[in-house]
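Enquirer: quick one: sequence plus predicted model below, questions after.
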Amino acid sequence: MVQDKTLLSRLFDGVNYTLLTLVALVTVLPFLHVIAGSFTTVQELAQKQFVLFPTVFTLDAYRYVLSTNVIFKALGVSVGVTLFGTLFSMFLTCLMAYGLARKDLVGRNGIMFAVVFTMLFSGGMIPTFLVVKQMGLIDSFAALIIPSAINAFNLIIMRNFFQNLPDGIEESAKIDGCSDWGILFKIVIPLSMPAIATISLFYAVTYWNTYLQAILYLNDTAKWPVQIILRQIVILASGLAADTSGFDDGFVQPPEQTVKMAVIVIATLPILLVYPFLQKHFAKGALLGSIKG
């Protein structure tokens, strides 16, 4: 009987590993194709429908994309917006989530209803633009950060995580004379690093992929993030009209297909490099923050 269970267990594990391997291949292979396609020639990419190992290795697509200094300026803008935006959003999210997690907060149910309401209904593009304009944020980097500083979904996860912390920790800290600010920054936040790492990654991806806000609020091409510049390069590669006012005179029109893949790699790789440092906290933070409503 024990041997039968062992055999069934091994068979079950084998089926699981096979299915998970197939799912991983389905997920990874398209991205590997994009990476390989960015390093291959236009002729090979046109002849083969699917490329994983380039026959002729070339950096032409990346030379075209990086042939203007504007791309490096845009990368700097995106890195700055992502860094400061994530810190600013996490600061506000932790403050609000900690307050809403306190059972003695008067009217917290009404505030939570208002937060959840924003997940279902929003003011819309035009009212938001008018608010940003009245605040004097047009053509400033703050327009990319302040309107989306707090995400309702991220706030709820942080609030739920704070609620799961033992009440005795705060009570002990108060007995020792710790203030509310001290409890938050010296006790609660250090104990909440898995959730903070997870939400930080969510915010970082959002700010890195900033596109529509930049189109709406930024008129100065020197302040464009990398997503806008890459879009302009793809449009040029497609032979369509694009705003080239921010590009150098030496910028050459790139081949269409290979440059599209190079653009995907450049836009995705920086944020992918951040994930391994947060991976050990990611699953734990997301699960713990979703246990208690």
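Expert: Arrived safely, thanks for sending.

Enquirer: list the contacts of the residue nearest the centre of the chain.
Expert: By Cα atoms, centre = their mean, the chain has its centre lying nearest to V205, at 0.9 Å. Contacts here follow Cβ atoms under 8 Å, 6 or more residues apart in numbering; on that basis V205 touches I271. No exception for glycine: its C-beta is placed from N, CA and C like everyone else's.

Enquirer: how about L59?
Expert: Taking Cβ under 8 Å, 6+ apart as the contact definition, L59 lies against F39.

Enquirer: ok, longest helix in the protein?
Expert: Longest helix of the chain, by residue count under DSSP state H: helix 2-38.

Enquirer: how distant is that one from the center of its chain?
Expert: 27 Å (Cα atoms, centre = their mean, to the nearest Å).

Enquirer: avg pLDDT for the strand or helix carrying L75?
Expert: Following DSSP states H and E, the helix or strand that holds L75 is helix 70-101. Across helix 70-101, pLDDT averages out at 90.

Enquirer: tell me the buried residues in the next helix or strand after it?
Expert: Per DSSP H and E, helix 70-101 leads on to helix 108-120 as the next helix or strand towards the C-terminus. Buried residues in helix 108-120, defined by neighbour count with 16 or more other Cβ atoms under 10 Å: M112, V115.

Enquirer: for the helix holding L75, name the packing helices and strands.
Expert: Under the contact definition 3 or more Cβ pairs under 8 Å, 6 or more residues apart in numbering; DSSP states H and E, helix 70-101 sits against helix 108-120, helix 152-163, helix 193-208, helix 226-237, helix 256-288.

Enquirer: out of the ones you listed, which is closest to F53?
Expert: Closest approach to F53 among those is made by helix 256-288 (14.5 Å; Cβ to Cβ).

Enquirer: who touches stretch 93-105?
Expert: Residues outside stretch 93-105 that contact it (Cβ under 8 Å, 6+ apart): 108, 111-112, 115, 150-151, 154-155, 158-159, 161-163, 184, 188-189, 192, 196, 199.

Enquirer: many thanks, I have nothing further to ask.
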